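A.B. asks: What follows is a predicted protein model with its sequence.
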Amino acid sequence: MKKIIIFSLIYLMFVGFIWTQDIPQPINNKAIIPLTAPEHLKVTSSKRCNDRPYFHEWEFIQEPTTLTGFTNYYDYMPGSFCGRALMRQPDAFGGVYFVFHGRPNTAADRRVYCAYVHPDGSIEYGTITTSSTWQGYPSMTMHPASGDPIVTWHDIMGASTPEDTNTRATFDDYGLLYIPGFWKTPVTFDQPTPYVDEYLWPYMYIGMSPDYATTGNYRVYQISDQNPDGEIEHSILRWIDVPQDSYVYGDLDIILDKNNWSGPVNICRDWSDPAAGIDCRPYPSFAVDPFNAGHVALFGYAGYVNGLTGNEIVPQGFYVWDSYDGGETWSYDNFHSYETDVGMLNEYVLYAVENVPGFTDDEGNPFDSLHVWVGFPGNNCSNNRTAVFDSEGNIHLPELFWISYVDGDAGSITYWPEYAFLFQAEVVYKADGTWDIRHVANMPGTDAWTGLTVPWKIDPVNGDTLIYPWCDIASNDYSPSGYPNTQRQAVNLEHDWMAQVWVSGTKMLCTEQTNHPIPGYEDYYHHPIIHIAISNSNGYYWYDPIELSDIYSTAFPEFADMITVYPYVDPIIKDLGDGWGQIDMYFFDDNDYGSYIQGVGDNTGGQMVYCSIKFYHYAPPSTDPSNPEAESLLNIHNAPNPFFSDTQIQFSASVGVENAKVAIYNIRGQLIKTIDPVTESHTEGHATWDGTDQYGNDVSNGIYFYKFKAGDIERAQKLILMR
């Protein structure tokens, strides 16, 4: 079988005078085998999903705005890998801060910058410090009362060696005069001992301190990585408690003295034992519980570089590790493993799907199944993402899943470059201790084994196997870029809203440069697209994503001349009222396709671009506001919910229900079907909905609402159809 020639991205190449470990190194201990696809498959394209509504109602609040007079010649991950790099101030101040690293010319040091977006949309920016050192990967949080941003980054002090790497932190004293630009001299955190080596990639968070109920204090967290003596990195956590109102009880100057901070706490250090051949990369993201004081969590993927030996401290796969005293202690009693709780198909694969397309090995033998696992060629984990709690106490982690064939015995991975089959998903650890895998970008087909979506289906008319190339990352084997994905989330805890943001190269994969080009996609060859998926149900259901930076955008035609990568968003969706939410973001507009820092493309730099958008969340049909006693007079619920084939709506009321009606509505408030319920007594009954409309046609998956009405009493509830 003819092999595809691949231009491999070499992550170990780092253009510049700084050492390689400033960029996370990939891990993969299996051979990557690309194969051509069977000739009987019909390659096609469609909207991203056949049965999800799009978010039609959205618009820019502030159109993409480039920082004037600044070209950034460091075209790789301008913000942090797993932290926040943009945050909106409290409404009383109205501005937006964002941080990034950059080089103003090809010979300059990489410095950390901060930009401030004024309420009128004007933007000012500058470096945070006056020191000329090699700085990078900034992350930030925001004091919720003063509006002061607290920023951290790593800094190579003195000689350009790993041992000189320290992390630093400071804040802008915005609350002093209510204008930006009063950055304080940063505190420097030296290498934690006894492990002296790279100390880098810090992230900053804030939340209620463990004693919040009595003191009202917030706890500021800095979590960083350390590579002791060249081993696999582990996490280092520090914290400091600050007053709730920094201009009543004190100010944030206390964070500038490292003696006020806790000592470093080593997390995950015991997961690796190089002498025993055990090297575990924890791939952690950090999250702060917004409801329970002192509760923080690590959510990540434990990946073993050299395979499994049987003596691992924690299983390979996804994990959540809770701390209930503000990160001071980490007990394995509070460690939760997907492998232990649910079980993976094998040490690498999450689950198998049916090989409907009939893919074969290079000798023509069909695979008995295909495998869904985490990662992409050369790296077995998508690690540039954030974690977040929703309003129900569930914690979400975005991920990039890959469909391929993993041969555990042969130690190889087989995949099909012209299709990629890389798709956006999320792993959810729920408050009840169970796990969910959710496809954020629903694909056109449904796998018969799992009920989850797949990028192929059978044409019901002629029986053809339709294949949909899918590549939710800004790179593929035919147009390698060196751009890693940047997966970010935002939430609104009051309304159950969530957003997930990433960059997709699916349309790039449909161009004439591939083996199976699709007409109409020629102009997308070097144009990845920022995607925004929205949920108004805490991620139980996702709308098909907004393709924000499509080159044929009518909202902002200038996207046609942009290469949009590395989006960073505010973690909070702002409630604008009347069902409208706001997302603020910045992204990098590369002047030439490919990251020069990663050895791809020319050294022409790019621009930092800010924008904000608003979108409408469809609300459920409301209970009659003229009868506030409806809830106490009527009890309704449905089960199962979500449901696959049908669901039973049960009700009991303090009034007669003989003439009751049940109506089904979609998320736009449109009537789908009216059902005559079965009354079991004068005050009780039920109705069954089978997921069809008034004409008997199956409706699409998604969120619906049922409204019960009996006399003057009516109530509405939400239900979810997931076939």
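C.D. replies: Cool, the structure landed.
A.B. asks: From residue 177, how far off is residue 332?
C.D. replies: 49 Å (CB to CB, to the nearest Å). C-beta here means a position set from N, CA and C on the backbone, and glycine is covered the same way.
A.B. asks: Can you name the helix or strand that residue 350 falls in?
C.D. replies: Under the criterion of DSSP states H and E, residue 350 resides in strand 349-353.
A.B. asks: how far does the following helix or strand past that strand sit from the chain's center?
C.D. replies: Remark: after strand 349-353, the chain's next helix or strand is strand 370-374, criterion DSSP H and E. Distance of strand 370-374 from the chain centroid (CA atoms, centre = their mean, to the nearest Å) equals 19 Å.
A.B. asks: Could you figure out how far strand 370-374 is turned away from strand 349-353?
C.D. replies: Here the directions of strand 370-374 and strand 349-353 differ by 150 degrees (axes from the mean of the first three to the mean of the last three CA atoms, to 10 degrees).
A.B. asks: Which strands border strand 370-374, and is each parallel or antiparallel?
C.D. replies: Looking at strand 370-374 with DSSP bridges, its partner strands are strand 349-353 (antiparallel), strand 395-407 (antiparallel).
A.B. asks: Of those, which stretch is the most buried?
C.D. replies: Sort those by mean neighbour count, taking mean count of other CB atoms under 10 Å, and strand 395-407 sits at the top with a mean of 24.
A.B. asks: Just the C-alphas of it, formatted as PDB.
C.D. replies: Once non-C-alpha atoms are left out, strand 395-407 reads as follows in PDB (Å, rounded to 0.1, in the frame of the first residue of the first chain):
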ATOM      1  CA  ILE A 395     -16.300  20.500  36.000                       C
ATOM      2  CA  HIS A 396     -15.600  20.600  32.200                       C
ATOM      3  CA  LEU A 397     -12.400  20.000  30.300                       C
ATOM      4  CA  PRO A 398     -12.300  20.700  26.500                       C
ATOM      5  CA  GLU A 399     -10.400  18.100  24.500                       C
ATOM      6  CA  LEU A 400      -9.400  17.200  21.000                       C
ATOM      7  CA  PHE A 401     -10.400  13.600  20.200                       C
ATOM      8  CA  TRP A 402      -8.900  11.500  17.300                       C
ATOM      9  CA  ILE A 403     -10.500   8.600  15.400                       C
ATOM     10  CA  SER A 404      -7.800   6.200  14.200                       C
ATOM     11  CA  TYR A 405      -6.800   2.600  14.800                       C
ATOM     12  CA  VAL A 406      -4.500   1.900  17.800                       C
ATOM     13  CA  ASP A 407      -2.700  -1.400  17.700                       C
END
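A.B. asks: Surely residue 185 is in contact with residue 170?
C.D. replies: Yes: counting by CB atoms under 8 Å, residue 185 touches residue 170, with 7.0 Å between them.
A.B. asks: any shared contact partners between those two?
C.D. replies: 129, 256 (CB atoms under 8 Å, 6 or more residues apart in numbering).
A.B. asks: the more surrounded of the two?
C.D. replies: Ranked by neighbour count (other CB atoms under 10 Å), residue 185 and residue 170 place residue 170 first, with 22 against 11.
A.B. asks: which ones are touching the more buried one?
C.D. replies: 128, 129, 150, 151, 183, 184, 185, 186, 187, 255, 256 are the contacts of residue 170 under CB under 8 Å, 6+ apart.
A.B. asks: Tell me how this protein divides into domains.
C.D. replies: For the chain, automatic domain parsing gives the domain ranges 20-616, 630-721.
A.B. asks: before we move on, back to that, not counting the strand holding residue 350 itself, show me its contacts.
C.D. replies: Strand 349-353 is contacted by residues 317, 338, 344-345, 369-374, 401, 403, 406, 437, 447, 449-450, 452, 454 when judged by CB under 8 Å, 6+ apart.
A.B. asks: so how far is that strand from its chain's centroid?
C.D. replies: 21 Å.
A.B. asks: Please, where are all the helices along this protein?
C.D. replies: For the chain, the helices defined by DSSP state H cover 174-177, 212-215, 338-341, 630-633.
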